[in-house]
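Colleague: Here's my sequence, what's the structure:
(one chain, ligands or ions: 2)
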Amino acid sequence: MTEQAFISVLGGGSFGTAIANIAAENGNRVRQWMRDPERAAEVNQLHENTRYMPGYSLHENLIASTEIKEISDAEIIFFSIPSKSFPQVVDQVRPYISKHQMLVSTTKGIQGDGFRLMSQVLADAFPDNPIGVISGPNLAKEIGQHQLTATVIASASNQVRTRLQEVLGCRYFRVYANSDVFGVELGGALKNIYAIASGMAASLGMGENTKAMLITRSLAEMSRFAEALGANPYTFLGLAGVGDLIVTCTSSLSRNYRVGYAVAKGEAIEEAVDDLGEVAEGINTLKIVKDKAEEMGIYMPLVSGLHGLLYEKKELSEVIDELMLAEQSTDVDFVLSREEHLKHHE
Ligand SMILES: NC(=O)C1=CN([C@@H]2O[C@H](COP(=O)(O)OP(=O)(O)OC[C@H]3O[C@@H](n4cnc5c(N)ncnc54)[C@H](O)[C@@H]3O)[C@@H](O)[C@H]2O)C=CC1
Ligand SMILES: O=C(CO)COP(=O)(O)O
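Modeller: Ligands and ions are numbered 1, 2, ... in the order given. Presented below is the predicted three-dimensional model:
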């Protein structure tokens, strides 16, 4: 029998609510910290978060709170905060964290300064704590519906991997372990870029061949980028790579996909994001990854093309020509190793 945990979840949005509810349904004691007192009262009285997860009933073990100091007693603390606010929340919680607590990020974004992922932000702030990340094809609303779902817990600590499997794993949520923290986390951030492009392709009525090409070449491009930065390319054949890429590139539940869909219909990016009322990390990640790829000389035609459309006022036909009529000799089908890739480019 698994020993129940006291779990804190930072963030009152869609994913924070989904992860808090899994833990609560598994019999753990859960505090979800959120800054909006009305939302917290609603969760506690109605067992529903009508802004971020309307229509989903939340377990009574899940208690919302606006008192951040309550995290000091938690065994595991999840950070479900958009990357933009992540450092600020880390500063806010700093006085209440002690070194035995497990810190787990669910955030799929990148900090532009120093190209840091959230586990690195956590490690810089809390160098003595065990740290992990959760990533995978995990649409919050489908988790709320108990659709059969798998995720990945990545950590250098075996204790974190095992404990997270214990407290989150259940009949509808299976937790796989990986020690490639950087690869798992990078996969979750990168796929958001390609979800925007896929939403655009769907909105423009592009064919199934086109969508399959886009997803497959996205996988090749993100794996190439990740490997150049030190990730294990095989991680990208797992749930946090191709798995998450598939779900976000094909589902209108993905916010990044929806932003792409709206922009291709003629909406301005800011308008599309405002209409969403939730975070679409890919908008910011695109700029950060484009800069990094240029700095490191990594060939990323899809990132360049999407950046051209969203931020350089390029015409769609121009971008399509650039992608489809590029010098053929540089294009090889999916390859995994850097050596193999270079061999094809001799
Ligand atoms: N929604 C989903 O299906 C999934 C989301 N994720 C990732 O999880 C992260 C969080 O996403 P969601 O919860 O879906 O976003 P969301 O947009 O639904 O909610 C964000 C929450 O963070 C809160 N927040 C923002 N800044 C804050 C601050 N300074 N202090 C306190 N609270 C603050 C907001 O009030 C809101 O409650 C993102 O990086 C996302 O990519 C990961 C897996 C699935
Ligand atoms: O990461 C997600 C599913 O795994 C959610 O994607 P969006 O942020 O695009 O909704």
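
Colleague: so which residue of the stretch 51-200 of the chain comes closest to ligand 2?
Modeller: N138 (4.3 Å; C-beta to the nearest ligand atom). Just so you know, the C-beta spots here come from the backbone N, C-alpha and C atoms, and that holds for glycine as well.

Colleague: Contact partners for that residue?
Modeller: Each residue near N138 by C-beta atoms under 8 Å, 6 or more residues apart in numbering is listed here: 15, 18, 149, 151, 244, 247.

Colleague: any idea how far L186 lies from ligand 1?
Modeller: 13 Å (C-beta to the nearest ligand atom, to the nearest Å).

Colleague: so who does the spatially closest residue to that residue that is not a sequence neighbour touch?
Modeller: Nearest non-adjacent residue to L186, counting by C-beta to C-beta, 6 or more residues apart in numbering: A226, 5.0 Å away. Neighbour list for A226: 182-183, 186-187, 190, 233, 235-236 [criterion: C-beta under 8 Å, 6+ apart].

Colleague: Could you report the distance from A226 to G241?
Modeller: From A226 across to G241, the span is 8 Å (C-beta to C-beta, to the nearest Å).

Colleague: Now list whatever residues contact both of those two.
Modeller: 183, 187, 235.

Colleague: The helix or strand containing the second one and ligand 2, are they touching?
Modeller: For G187, the element it lies in under DSSP states H and E is helix 181-203. Yes: for helix 181-203 and ligand 2, the contact criterion (C-beta under 6 Å from any ligand atom) is met by 192, 195.

Colleague: per-residue confidence averaged over the helix or strand just after that helix?
Modeller: As assigned by DSSP H and E, the chain's next helix or strand after helix 181-203 is helix 208-228. Taken as a whole, helix 208-228 has a mean pLDDT of 96.

Colleague: Kindly report the same for stretch 106-119.
Modeller: pLDDT averaged over stretch 106-119 gives 97.

Colleague: got the buried residues for it?
Modeller: 106-111, 115-119 (16 or more other C-beta atoms under 10 Å).

Colleague: and what of stretch 188-205?
Modeller: Quick answer for stretch 188-205 (16+ other C-beta under 10 Å): 188-203.

Colleague: now, which of those residues sits nearest V263?
Modeller: Nearest to V263 out of these is M200 (C-beta to C-beta; 6.5 Å).

Colleague: Please tell me I have it right and that closest one contacts R258.
Modeller: No: at 10.8 Å, M200 does not count as touching R258 under the criterion of C-beta atoms under 8 Å.

Colleague: how close does the residue positioned nearest the centre of the chain get to ligand 1?
Modeller: Closest residue to the average C-alpha location of the chain: K108 at 2.7 Å, with C-alpha atoms, centre = their mean. Counting by C-beta to the nearest ligand atom, the separation of K108 from ligand 1 is 4 Å.

Colleague: what's near enough to touch that residue?
Modeller: Applying C-beta under 8 Å, 6+ apart, the residues contacting K108 are 83, 135, 185, 188-189, 191-192, 281.

Colleague: Closest one to ligand 1 out of these, please.
Modeller: Using C-beta to the nearest ligand atom, those come closest to ligand 1 at E281, 4.6 Å.

Colleague: In contact with that closest one, which residues are there?
Modeller: 82-83, 107-109, 189, 192, 256.

Colleague: cool, E166 as well?
Modeller: 2-3.

Colleague: name the element it belongs to?
Modeller: Applying DSSP H and E, one finds E166 within helix 158-168.

Colleague: Please list the residues of the stretch 151-300 of the chain that sit near ligand 2.
Modeller: 192, 195, 244, 247-248, 254-256.

Colleague: Pick the one among the residues you listed closest to Q145.
Modeller: V247 (13.9 Å).

Colleague: Need the nearest residue in space to Q145, chain neighbours excluded.
Modeller: Nearest non-adjacent residue to Q145 (C-beta to C-beta, 6+ apart): Y56, at 7.6 Å.

Colleague: Apologies, that question was intended for T50.
Modeller: Counting by C-beta to C-beta, 6+ apart, the residue nearest T50 is E42, at 6.4 Å.

Colleague: So the one you found lies in a helix, does it not?
Modeller: Yes: counting by DSSP: H, G, I helix; E, B strand; the rest coil, E42 is part of a helix.

Colleague: That one: how many residues sit nearby?
Modeller: Residues within reach of E42, counting by other C-beta atoms under 10 Å, total 16.

Colleague: Can you tell me how far it is from G109?
Modeller: E42 is 27 Å from G109, where distance means C-beta to C-beta.
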